[in-house]
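sequence-free structure coming up:
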């Protein structure tokens, strides 16, 4: 099972420049499981609870990646590392964020977007604010780039081609994000998930934990994570890893978010204007 990473803080000594396949530090991972992040369409994920777990452990799904036990490890493909950001780093970012303004976040309007232009709209399935970090963007870029170089690229044995501009999401009481996939939308007429964004890996860096509610939930795996300040979480962006930010009931929740596109994956669109291309 995948859990907290024990990788060194160093770089990416032996990465493959443009692979078509990669693994998650998990020798039993079926080759087509993570590789199929590259699919343009896919049916909804259905795993019988009594079926053998997809991770190759030999256990039934309900006793492994689909376990409902409170002390379970993360499902295969979801990587969790506590204290990736130190308390001082979290406090410094929060001091700036709390002094800045915020505005309600918009989602991509897939009907009106093109290969060159992404149109955004409000969505009642997501009630959250994006903090304006103008003039302080480096405070977010640095930890995300560090996570890419020291955690994500080694875990996947694959280089990141670009990452979208990191931003801080602020959830006030009543704020939530309903269950969704970061790179795919469900076509209800065909009942297929369609890839609409060039996102292969999703990243979350949590800055605080003095709030109630606000858990991170992965619907397909019956897995709910209580975020902690400094925690790093990353996982594939496709619909198998549909997730939700449960409603915050008290306090305020802040998290840095970003998404990565990998080398060797065919692109649907031009690189986003605010993205950073990596060498």
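Cool, the structure landed. Since we're looking at a predicted model, the values are computed, not measured.

Just the helices from the stretch 1-150 of the chain, written as ranges.
In the stretch 1-150 of the chain, the helices defined using DSSP state H, counting those that start in this stretch lie at 31-35, 87-99, 138-147.

looking only at pLDDT, what's the mean for the shortest one?
Spelled out, that is helix 31-35. In this model, helix 31-35 has an average pLDDT of 52.

hang on, the earlier thing: which one, of the helices of the stretch 1-150 of the chain, ends up nearest to residue 165?
For these, the distance to residue 165 is smallest for helix 138-147, at 7.9 Å, taking CB to CB. Yep, even glycine has a C-beta here, placed from its N, CA and C like the rest.

what's downstream of the closest one, the next helix or strand?
Tracing the chain past helix 138-147, the next element assigned as helix or strand by DSSP states H and E is helix 153-156.

quick one: that next one to chain centroid distance?
15 Å (CA atoms, centre = their mean, to the nearest Å).

ok, residue 199 to residue 211 distance?
Residue 199 sits 27 Å away from residue 211 when distances are taken as CB to CB, to the nearest Å.

Same check on residue 272?
Applying CB to CB to residue 272 and residue 211 gives a distance of 30 Å.

Poorly predicted segments of the protein, please.
The model of the chain has pLDDT under 70 over residues 1-38, 103-122.

can you pull the contacts of the residue of it positioned farthest from its centre?
Outermost residue of the chain with respect to the C-alpha centroid, by CA atoms, centre = their mean, is residue 50; its distance is 27.6 Å. Contact analysis of residue 50 by CB atoms under 8 Å, 6 or more residues apart in numbering lists 60-62.

By neighbour count, which of those wins?
Counting neighbours by other CB atoms under 10 Å, residue 61 leads those with 21 neighbours.

With adjacent residues omitted, what lies nearest to that one?
Spatial nearest neighbour of residue 61, chain neighbours left out: residue 53 (4.6 Å); criterion: CB to CB, 6 or more residues apart in numbering.

returning to what we had before: and the helices of the stretch 1-150 of the chain as CSV, adding mean neighbour count and distance to residue 229?
Below are the helices of the stretch 1-150 of the chain laid out as CSV (neighbours: other CB atoms under 10 Å; distance: least, CB to CB, whole Å):
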stretch, mean neighbour count, distance to residue 229
helix 31-35, 15, 29
helix 87-99, 15, 5
helix 138-147, 18, 13
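
Out of the ones you listed, flag the one nearest residue 249.
Of all those, helix 87-99 comes closest under CB to CB, at 19.9 Å.

now the angle from the closest one to helix 138-147?
140 degrees (axes from the mean of the first three to the mean of the last three CA atoms, to 10 degrees).

what separates helix 87-99 from the chain centre, distance-wise?
22 Å.

elements contacting it?
Secondary-structure packing of helix 87-99 (3 or more CB pairs under 8 Å, 6 or more residues apart in numbering; DSSP states H and E): helix 138-147, strand 167-171, strand 253-262.

Show me the contact partners of it.
131, 133, 136, 139-140, 143, 168, 170, 207-208, 229-230, 254, 256.

Among those residues, which one lies nearest to residue 40?
Residue 40 lies nearest to residue 256 out of the contacts of helix 87-99, by CB to CB, at 28.9 Å.
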